[in-house]
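**Student:** Just need the structure, nothing else, for what follows:
(chains A and B)
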Amino acid sequence: MNQGTVYTETVVHSAPEAFLKDAPYQIAIIILDTGGRVTARILGDRVAIGDRVTLVEFRDGIPYYATR
Amino acid sequence: MRPVAVIGVGKTPFGVFADRDLRSLAVEAGQKCLENAHLAPSQVEAFYLGNFAGPSFVGQNHLAPYIGAALGVTGVPATRIEAACASSGSAFFHGFSAVAAGLYDLVLVAGVEKMTCQPTPRVAEILASAGDLSGEIKAGATFPALFAMIARRHMHQYGTRREHLAAVAVKNHANGAKNPYAHMRKPITLEQALAGKPIAEPLTLYDCSLVSDGAAAVLLAPLERASEFTAQPVRVAGIAQTSDHVALDEKDDITTFLAVKRAGDKAYRMAGVGPAEVEFAELHDCFTIAEIIALEDLGFVKPGEGGPYSAEGCTALTGPKPVNASGGLKAKGHPVGATGVAQICDVVMQIRGQAGEIQLTRHSLGLAQNLGGSGATAVVTILRAR
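**Tutor:** So this is what the prediction gives:
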């Protein structure tokens, strides 16, 4: 699940309590090259539908992707 | 299966009621409903309660007998049903099923939610528990974020624009301003809606439904007995409840709600009507994009045409297909567990010609659509004058 394409995304401004310190942050549903989809956080530059993204790391079980 | 009618309705206004607890709201709606059908509580043979998260919002559990007893309804099955924002739509479906099957004659169905006693971040957290906590919610999605991702994809696929979303908000606020039961009775302009505070891009504050307190109730009976209780029974002509995946990332196409499509198809078939014959509808506009997609899923327009159709005024009170004459979840308010039954009440009041300033001119065949979560539960009900 290292590489994929952004299916949809949003920038969350009104964050849940657990992520108040992160807001605003971007999340996306990514179509994985290996099949299936995952909801992930985006690191660095904002992404748009159709952008290619790569898995950077897992933090607390959450996948973080970025364009590179 | 025998024909079923709604013989009574009762609602509290929706809003922020600091001095009211969950039980008193549900009891008020239930009593109004019993009075409306000229029925004594002791005549009720079963009680179904739709409630999403009473235990989280107010700490109380065992809600159906708790509320039933306060209404004077005891010694009968009292059952709480939870299906996220479709909790009371589902309760209505199960009440209908019991009467249609001949299990009981007189069934009370209520919905209630008391939400405003919790601070906003906690409300968001409780609502998020209707999503997949192991995936999307863990990654930081809120319900506005899930519907924002739906909106983004719909915009990408069909060219839907922010102005289309805003047009839904403007229309529903205009309707809510005329509804004495509505939480938000303030019209807004397109400019205001577009300039709203961002919640989850592209959705602003004005794209989101309200956090409200409120309750609603209806009484069901076999159609053949309906005239014992009311001069204006309203027939449940078609109804269906369907399900789908909870997590958004498990759905192939998020620009449509498969559960709504399926429930709509079944309800249309049962009622023997099609979308063109439906004169008006109460649709589940938890977010503006949800009303646009519901228009498409229920066949009122083709996929992708919901935005322009809304912006052209086709769904306004005076349009060819009035939608959410009540103000919808956007302006009437969205006490989650009360919403499904409140929609039924609103359609029944229209059919009876008792909708006051929001009364529509064509009002003999109406549809209510209740959505749970990001589409994992859908209930579609078609009601008609007898």
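
**Student:** quick one, what contacts the residue lying closest to B:G375 once chain neighbours are set aside?
**Tutor:** Once flanking residues are discounted, B:G375 sits nearest to B:F257: 3.9 Å by CB to CB, 6 or more residues apart in numbering or on different chains. For every residue, glycine as well, the C-beta is placed using N, CA and C. Residues in contact with B:F257 (CB atoms under 8 Å, 6 or more residues apart in numbering or on different chains) are B:244, B:293-294, B:297, B:371, B:375, B:378.

**Student:** in chain A, what residue is nearest chain B?
**Tutor:** Closest residue of chain A to chain B, CB to the nearest CB: A:T10 (3.8 Å).

**Student:** Leaving out chain neighbours, which residue sits closest to that residue?
**Tutor:** Excluding its sequence neighbours, the residue lying closest to A:T10 (CB to CB, 6+ apart) is B:A148, at 3.8 Å.

**Student:** Leaving out chain neighbours, which residue sits closest to residue 17?
**Tutor:** Defaulting to chain A. Nearest non-adjacent residue to A:E17 (CB to CB, 6+ apart): B:P121, at 4.2 Å.

**Student:** ah, I was thinking of chain B
**Tutor:** Closest to B:F17 by CB to CB, 6+ apart is B:D213, at 4.8 Å.

**Student:** Neighbours of the one you found, how many?
**Tutor:** Number of residues near B:D213 (other CB atoms under 10 Å in any protein chain shown) recorded here: 26.

**Student:** my read is B:D132 is in a strand, agree?
**Tutor:** No: membership of B:D132 in a strand is not supported by DSSP: H, G, I helix; E, B strand; the rest coil, which gives coil.

**Student:** Could you tell me the average pLDDT over the helix or strand in which B:G214 is found, please?
**Tutor:** B:G214 is part of strand B:214-222 when elements are defined by DSSP states H and E. The predicted model assigns strand B:214-222 a mean pLDDT of 98.

**Student:** quick revisit: in contact with the residue nearest to B:F17, which residues?
**Tutor:** B:D213 is in contact with B:14-17, B:20, B:25, B:113-116, B:335, counting by CB under 8 Å, 6+ apart.

**Student:** hmm, 7 Å instead?
**Tutor:** B:15-17, B:20, B:25, B:113-116, B:335 (CB atoms under 7 Å, 6 or more residues apart in numbering or on different chains).

**Student:** for the spatially closest residue to A:I49 that is not a sequence neighbour, helix, strand, or coil?
**Tutor:** In space, and not counting its chain neighbours, A:I49 is closest to B:H156: 4.8 Å by CB to CB, 6+ apart. Secondary structure for B:H156, judged by three-state DSSP, is helix.

**Student:** Verify the stated contact: B:H156 with A:G50.
**Tutor:** No: assessed by CB atoms under 7 Å, B:H156 is found out of contact with A:G50, at 8.2 Å.

**Student:** Chain A contacts on chain B?
**Tutor:** With CB under 7 Å from any CB of the partner chain as the criterion, chain B comes near chain A at residues B:121-122, B:124-125, B:128, B:135-136, B:138-142, B:144-145, B:148-149, B:152-153, B:156, B:198-201, B:248-249, B:254.

**Student:** Run a quick neighbour tally on B:R80.
**Tutor:** Neighbour number of B:R80 under other CB under 10 Å is 22.

**Student:** which residues touch the helix or strand hosting B:A281?
**Tutor:** Assigned by DSSP H and E, B:A281 belongs to strand B:280-282. Residues from elsewhere that reach strand B:280-282 (CB under 7 Å, 6+ apart): B:322-326, B:343, B:346-347, B:350, B:360, B:362-363, B:366-369.

**Student:** Number of residues surrounding B:T255?
**Tutor:** Residue neighbour count, defined by other CB under 10 Å, stands at 24 for B:T255.

**Student:** Next, it: phi, psi?
**Tutor:** When read as degrees, to the nearest 10, the backbone of B:T255 gives phi -90, psi 0.

**Student:** List the residues that contact it.
**Tutor:** Applying CB under 7 Å, 6+ apart, the residues contacting B:T255 are B:150, B:153-154, B:157, B:293.

**Student:** Nearest residue to it in space, please, no chain neighbours.
**Tutor:** Leaving aside its sequence neighbours, B:T255 sits nearest to B:H154 (CB to CB, 6+ apart; 4.6 Å).

**Student:** The one you found against B:A290, yeah?
**Tutor:** No: if you go by CB under 7 Å, B:H154 and B:A290 don't touch, sitting 10.3 Å apart.

**Student:** out of these two, which sits in the more crowded spot?
**Tutor:** Ranked by neighbour count (other CB under 10 Å), B:H154 and B:A290 place B:A290 first, with 29 against 25.

**Student:** Contact partners for that one?
**Tutor:** By CB under 7 Å, 6+ apart, the residues touching B:A290 are B:147, B:284, B:371.

**Student:** Would you tell me what the next helix or strand after the strand or helix carrying it is?
**Tutor:** Assigned by DSSP H and E, B:A290 belongs to helix B:288-297. Sequence-wise, the next helix or strand downstream of helix B:288-297 (DSSP H and E) is helix B:306-311.

**Student:** And what about the nearest residue to B:K178 once chain neighbours are set aside, helix, strand or coil?
**Tutor:** The shortest distance from B:K178 to any non-neighbouring residue, by CB to CB, 6+ apart, is to B:E357 (4.2 Å). Here B:E357 is helix, with the state taken from three-state DSSP.
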